[in-house]
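**Q** A predicted structure for the sequence below; I have some questions about it.
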Protein chains: 6
Amino acid sequence: MTRITVINPNTSAELTDAIALAAREVSGAGVTVRGVHPADGVPSVESHAEEAIAAVGVLAQVREHQADTDAYVVACFGDTGVQAAREVATCPVVGMTEAALQTACLVSHRFVVITLPARTVAHSDRVVRALGLEHRCSVVAVDVPVAELVGGSTHLLDAFTDAARTAMAEDGAEAVVLGCAGLADLVGPLSRAIGVPVVDGVAAAVGIATGLVAMGLNTSRANTFAAVELP
Amino acid sequence: MTRITVINPNTSAELTDAIALAAREVSGAGVTVRGVHPADGVPSVESHAEEAIAAVGVLAQVREHQADTDAYVVACFGDTGVQAAREVATCPVVGMTEAALQTACLVSHRFVVITLPARTVAHSDRVVRALGLEHRCSVVAVDVPVAELVGGSTHLLDAFTDAARTAMAEDGAEAVVLGCAGLADLVGPLSRAIGVPVVDGVAAAVGIATGLVAMGLNTSRANTFAAVELP
Amino acid sequence: MTRITVINPNTSAELTDAIALAAREVSGAGVTVRGVHPADGVPSVESHAEEAIAAVGVLAQVREHQADTDAYVVACFGDTGVQAAREVATCPVVGMTEAALQTACLVSHRFVVITLPARTVAHSDRVVRALGLEHRCSVVAVDVPVAELVGGSTHLLDAFTDAARTAMAEDGAEAVVLGCAGLADLVGPLSRAIGVPVVDGVAAAVGIATGLVAMGLNTSRANTFAAVELP
Amino acid sequence: MTRITVINPNTSAELTDAIALAAREVSGAGVTVRGVHPADGVPSVESHAEEAIAAVGVLAQVREHQADTDAYVVACFGDTGVQAAREVATCPVVGMTEAALQTACLVSHRFVVITLPARTVAHSDRVVRALGLEHRCSVVAVDVPVAELVGGSTHLLDAFTDAARTAMAEDGAEAVVLGCAGLADLVGPLSRAIGVPVVDGVAAAVGIATGLVAMGLNTSRANTFAAVELP
Amino acid sequence: MTRITVINPNTSAELTDAIALAAREVSGAGVTVRGVHPADGVPSVESHAEEAIAAVGVLAQVREHQADTDAYVVACFGDTGVQAAREVATCPVVGMTEAALQTACLVSHRFVVITLPARTVAHSDRVVRALGLEHRCSVVAVDVPVAELVGGSTHLLDAFTDAARTAMAEDGAEAVVLGCAGLADLVGPLSRAIGVPVVDGVAAAVGIATGLVAMGLNTSRANTFAAVELP
Amino acid sequence: MTRITVINPNTSAELTDAIALAAREVSGAGVTVRGVHPADGVPSVESHAEEAIAAVGVLAQVREHQADTDAYVVACFGDTGVQAAREVATCPVVGMTEAALQTACLVSHRFVVITLPARTVAHSDRVVRALGLEHRCSVVAVDVPVAELVGGSTHLLDAFTDAARTAMAEDGAEAVVLGCAGLADLVGPLSRAIGVPVVDGVAAAVGIATGLVAMGLNTSRANTFAAVELP
């Protein structure tokens, strides 16, 4: 049995539930998925300042669930706290952003991240550049707040379809990465609308994390991510 | 049931069997792994010329096994024929090199590919650059021919240990990617010897391919990898 | 006497003849140009899968013409089989794509590749990136099949003129690279229409190959391109 | 009068005092420098996890000192919390790392960052890459904990001299960036020992911040760094 | 007292006066700014050929004013002669372009250089690339000759506003760098019109040069910029 | 008849003669090569300051020889004045550095530039980066002044052999670019000593320039290199 703990870095229990539900649908046999979120923090992560606060919440969740977790998935576009979590966790940690970008590379030559709101484009840029994918990926935004995703995101289908079609025509995008947790319900409708692969990073991260566990791989403790004891 | 077909691009049945055996050990519940190889071609892939011949063999194998395959893994460092295979296959295709590099990114800040023989460093460089990972990855070689791997590779443990330690000291490598199929039996001994994660690309690719199937993702047909009918 | 063998990787004799005819017009005194093509293979190269098949044909042509060749030019945009040919040939090998891109760098600050059909943009991207020229070159396509070039390409003048003018206005392109063999008859009309240099890669490669022979330079056998004996 | 508030992200009052003292020595006429640090947090920042905690402390300090600050300097190599601080501060924010790297570019062709401890090389890499300076800068470490700097760092002169000389000989480094706050007392001895410019990022940041205030420049509120109201 | 000598590389006394006047407005207490220009040379620098001539004039000015200069600022977008000046000057040298680009990095995620005339975009590209900032900066032009700036540049406000708004909408620019000396009078009107920071490189360079002097930093003489004795 | 004028940017007639002599040996049938140099300037180009002076001399030589030149070659490693010469010349201009680097790309996977003296490594770096070849090329130096080349350079064979062998072992170099004009007499001895291709940039540029003339290609006048009238 592989136990994946998906950490939603914000404090919205409704979003946590939606994320975990979607993740379970793609998890393989013998894999359990649990969703958790910090007790304190911010209701959504739409700025660097909110990322800073949320990252501390991610660390707290990692420490709380060590005993019954085989791999963590961090479910926030921008991979808030993932590097820090690698130092604190005793098992592998996968960010939804890195997972989504890597997955898109395997099914397309070029692709587009459609994130939200507009001010978080820089957060996506950061992960794209850390992975060296500027030459294969463009980043655009649908400028709505994360709050609009509570209760479902299918009302954003037209906006995402427009953004995707523009990127396909202008940037040669051949696949779409959904740039926010909580958009899993858009995968089906959007891929049907535009006819190309649509990647939800949480789903991608669950699959990749399952593979890491199967291979017995954990974060290297050689240097950068050596274990840290927090106060 | 997810059916993964691992294509060994060279004609060595012994290597095919060893690769498939190792892949099965890390495949999850509900996943079957079969190893195949071209009937004609080259006994090993150690040059661009041999890659050219082997790539045609990969395409033939893709066509032969379409009916009972849910995802292909191409088991040759350098990802020979993977792009072409994406056009011909009706399901996802994952190269062992891209899978290994992506996996190493998730467990280390910097890592090293140890490939063989020395003349194939350029083949690794090609994939590293296609994925944009020059800033996180160095490539070195143990200069022995692929033929030496038939029957097992643990006799190369000292050579790999030396190469890994040099890269750890000089390049800051924190994980190792094994730069050849057929080295899976080195994963355990080498990781114990050097104390950092060691990644076998075939194992990594099997996990990633399983995830793609679970998500229902296939290669984008939008443009670059639109289906091709070969004569 | 310098003997250049231009290899057309597809099986169209008509295209071979047109390419060789155009190449002869720019070859210097004391240079002979012969056009050849594989006996078997694909009628055009418009996908990675067709590239794989064509590359094997390039190798066969290299082996067949060693005795009376001083340098090979591979006449397929994307430089199909060029790296492999360097290992097998006993003399220098120049790809039309690398030759065209290098030439454009010498007559402009930024330039555009206009290739065809649209799905092969990724093939141009690959060579642009291998040479490190992303910062000076954009790649666009006129979406017609290669088959349309048989018998001449001047009917595509308007389409190329439009694509060039767009790239000049939007990307700052100051020169044009024709992204396919068999477009040499467009060089004159297009350069007159848009008033900037237009580069045919085959012509560029013939000049560069002549220079390599004059300098007595051959492919380095030190490592990557050491000689290979094929079965 | 220009009022610079230097934020030490860790909780060491002794380090805060040393940093502020050194900063005052290079501040121009009409500039006052005050050093502050969070009430709660970590005694030193030597990991991503500690960075996460320290970043929240940086934000708290920014909010506390808005009324009497014209520009903030964040005195932690790695620029912990700088992006977040830009959103919360009503005035400019300069990180010591970005300031040091920019300064070194103006006095050398290539330079080296000597940071500490070894595990934080990745933190320097992150800022180097965000600024695009990989081609001009190498990063090495003297592997001692930050705690060793309390009370002064001149006992590390030999270690820094050795690291600098190696980088000068092997990487062509022509200047040195001190990769930690609290090393200002090394600037004089080290530059005398090795004969090339030595840059302390806090000093550099104070000068640059003074210039920003003189020009009336503040962080752009257009998008990425639009103001954020924290709870 | 810090004495900054601003070198206008062209021979326009009127432009020199305007540049020095603007620079003085942002210089701190204890800083004097003098403007100088070559006796012979070109009336404006709008091409590589004019840059070549102007660079020799910059060197002559450096040599003439050594005795009473603590730092030089070169006031020509493209940083004509700055590298050479570093070898000849006995004190630090700062180019207006590098200063502007570095400053813009501190107040925005992405920004745009608006230069003039159009043919000099390549000059900006050169400095952007030398600093590694392609990922954060786009370069566009208002196509008017430098001669139009004599007597003031506020008549270009509409053209710059349009260019800035386009870059903000299409490239995500959040700040503007004025890509020519002699545009300082546009800083106020343009920033009011578009609501984002507008950077004049001469002003930026004066502040940065003042900081270098305060820190006692000079160009490294280790290798690249070792002193040169000209005939 | 194709008339190539090789411009030696320094004032050494002896070097000019040696360069022209070597260039003639590789020029094809129907090609004449003449060597010229500025009447005034510097005896050698070993710094940015000397480059600045030499560039003006290059422009003067271009203007003097327009009537009987079909293409210019600039024979100074670093390509001093080449961009400016493109604006002033009525025919193509090729720098020896860009020609050498492009040529090395065609005969090797990775290569090394061995330049002199050590302080000019940055000049090579500049051209390497302008062409985007950092990933394929390292730059090292033999630290002797250019003056030592007058009368021949074969006394430097041991130094170049050592530098080449080190680069082959440590950087994977498979070919060598000679990083100075006037080293043509080293091509034969060095290539025999180390067994890999050795490229003289002047020879390479003559061949490439001949090809440009044969194709009727000239510098684009669209924007960056539009014609300039100098005073």
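**A** The structure has been received and is ready for your questions. Numbers count the residues shown, from 1 in each chain, chains lettered A, B, ... in the order given.
**Q** drop to CA atoms for contacts and neighbour counts, all remaining ones
**A** Fine.
**Q** for chain B, see how far away residue A:143 is.
**A** 26 Å (C-alpha to the nearest C-alpha, to the nearest Å).
**Q** domain map for chain A?
**A** A:2-95+A:204-215, A:97-200 (automatic domain parsing).
**Q** deepest of those domains, which one?
**A** Mean neighbour count (mean count of other C-alpha atoms under 10 Å in any protein chain shown) peaks for domain A:2-95+A:204-215 among the domains of chain A, with a mean of 23.
**Q** right, is that domain up against chain E?
**A** No - counting by C-alpha under 8 Å from any C-alpha of the partner chain, chain E is not contacted by domain A:2-95+A:204-215; separation bottoms out at 12.1 Å.
**Q** mean confidence score for that domain?
**A** Domain A:2-95+A:204-215 carries an average pLDDT of 97.
**Q** next one: it to chain centre, how far?
**A** 9 Å (C-alpha atoms, centre = their mean, to the nearest Å).
**Q** and the gap between the closest residue to residue A:79 other than its chain neighbours and residue A:5?
**A** By the measure of C-alpha to C-alpha, 6 or more residues apart in numbering or on different chains, the closest residue to residue A:79 outside its immediate chain neighbours is residue A:95, 5.1 Å from it. Distance, residue A:95 to residue A:5, by C-alpha to C-alpha, to the nearest Å: 12 Å.
**Q** swap in residue A:164?
**A** Relative to residue A:5, and taking C-alpha to C-alpha, residue A:164 is found at 31 Å.
**Q** just residue A:103 next, same as before
**A** Residue A:103 is 20 Å from residue A:5, by C-alpha to C-alpha.
**Q** repeat that for residue A:75.
**A** Taking C-alpha to C-alpha, one finds residue A:75 at 10 Å from residue A:5.
**Q** now chain A against chain C: closest residue?
**A** For chain A and chain C, the shortest gap (C-alpha to the nearest C-alpha) falls at residue A:109, measuring 7.0 Å.
**Q** centre-most residue in chain A?
**A** residue A:96 (2.3 Å; C-alpha atoms, centre = their mean).
**Q** which residues are in contact with the helix or strand containing residue A:73?
**A** Taking DSSP states H and E as the definition, residue A:73 sits inside strand A:71-74. For strand A:71-74, the surrounding residues in contact (C-alpha atoms under 8 Å, 6 or more residues apart in numbering or on different chains) are A:3-9, A:58, A:62, A:80, A:82, A:91-96, A:202, A:205-206, A:209-210, A:213.
**Q** which of these fall within strands?
**A** A:3, A:4, A:5, A:6, A:7, A:93, A:94, A:95 (DSSP state E).
**Q** contacting residues around the third one?
**A** Yep, that's residue A:5 we're talking about. A:33, A:34, A:35, A:36, A:65, A:69, A:70, A:71, A:72, A:73.
**Q** for the fifth one, same thing?
**A** By C-alpha under 8 Å, 6+ apart, the contact list for residue A:7 reads A:16, A:35, A:36, A:37, A:58, A:61, A:72, A:73, A:74, A:75.
**Q** against residue A:75, how distant is it?
**A** Taken as C-alpha to C-alpha, the span from residue A:7 to residue A:75 is 6 Å.
**Q** could you do the second one as well?
**A** Relative to residue A:75, residue A:4 is positioned 12 Å away (criterion: C-alpha to C-alpha).
**Q** what segments of chain A are helices?
**A** Along chain A, counting by DSSP state H, helices occupy A:13-26, A:48-64, A:82-88, A:96-107, A:121-130, A:157-170, A:187-194, A:201-215.
**Q** Throw those into CSV and include distance to chain C, thanks.
**A** Listed next are those as CSV, based on distance: least, C-alpha to the nearest C-alpha, whole Å:
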stretch, distance to chain C
helix A:13-26, 31
helix A:48-64, 30
helix A:82-88, 30
helix A:96-107, 13
helix A:121-130, 16
helix A:157-170, 10
helix A:187-194, 18
helix A:201-215, 25
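**Q** residue C:25 is nearest to which of those helices?
**A** Across these, residue C:25 has its closest neighbour in helix A:157-170 (38.0 Å, C-alpha to C-alpha).
**Q** just the CA trace of the closest one, in PDB.
**A** Extracted as PDB, the C-alpha positions of helix A:157-170 are listed here (Å, rounded to 0.1, in the frame of the first residue of the first chain):
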ATOM      1  CA  LEU A 157     -14.300  26.700 -19.500                       C
ATOM      2  CA  ASP A 158     -14.800  29.500 -22.100                       C
ATOM      3  CA  ALA A 159     -12.000  31.600 -20.700                       C
ATOM      4  CA  PHE A 160      -9.600  28.600 -20.700                       C
ATOM      5  CA  THR A 161     -10.600  27.600 -24.100                       C
ATOM      6  CA  ASP A 162      -9.900  31.100 -25.500                       C
ATOM      7  CA  ALA A 163      -6.600  31.200 -23.800                       C
ATOM      8  CA  ALA A 164      -5.600  27.800 -25.000                       C
ATOM      9  CA  ARG A 165      -6.600  28.500 -28.600                       C
ATOM     10  CA  THR A 166      -4.600  31.700 -28.600                       C
ATOM     11  CA  ALA A 167      -1.500  29.900 -27.300                       C
ATOM     12  CA  MET A 168      -2.000  27.100 -29.900                       C
ATOM     13  CA  ALA A 169      -2.200  29.600 -32.700                       C
ATOM     14  CA  GLU A 170       0.500  32.100 -31.600                       C
END
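**Q** check the offset of that helix from the chain's centre.
**A** Taking C-alpha atoms, centre = their mean, one finds helix A:157-170 lying 21 Å from the centre of the chain it belongs to.
**Q** now swap in stretch A:116-124 and tell me
**A** Taking mean C-alpha positions (C-alpha atoms, centre = their mean), stretch A:116-124 and its chain are 14 Å apart.
**Q** close to chain E, is that stretch?
**A** Yes - counting by C-alpha under 8 Å from any C-alpha, contacts between stretch A:116-124 and chain E involve residue A:122.
**Q** how far does that stretch stretch from start to finish?
**A** Start-to-end, stretch A:116-124 (C-alpha to C-alpha) is 10 Å.
**Q** let me know whether it sits next to chain D.
**A** Yes - if you take C-alpha under 8 Å from any C-alpha as the test, stretch A:116-124 does meet chain D, through A:118, A:119, A:120, A:121, A:122.
**Q** now render those as JSON lines, adding distance to residue B:113 and pLDDT.
**A** Formatted as JSON lines, the residues of stretch A:116-124 next to chain D follow (distance: C-alpha to C-alpha, whole Å; pLDDT from 0 to 100):
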{"residue": "A:118", "distance to residue B:113": "38", "pLDDT": "97"}
{"residue": "A:119", "distance to residue B:113": "37", "pLDDT": "97"}
{"residue": "A:120", "distance to residue B:113": "34", "pLDDT": "97"}
{"residue": "A:121", "distance to residue B:113": "32", "pLDDT": "98"}
{"residue": "A:122", "distance to residue B:113": "31", "pLDDT": "98"}
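**Q** same list (the domains of chain A) but as JSON lines, adding distance to residue C:138.
**A** Shown next, in JSON lines, are those (distance: least, C-alpha to C-alpha, whole Å):
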{"stretch": "domain A:2-95+A:204-215", "distance to residue C:138": "29"}
{"stretch": "domain A:97-200", "distance to residue C:138": "11"}
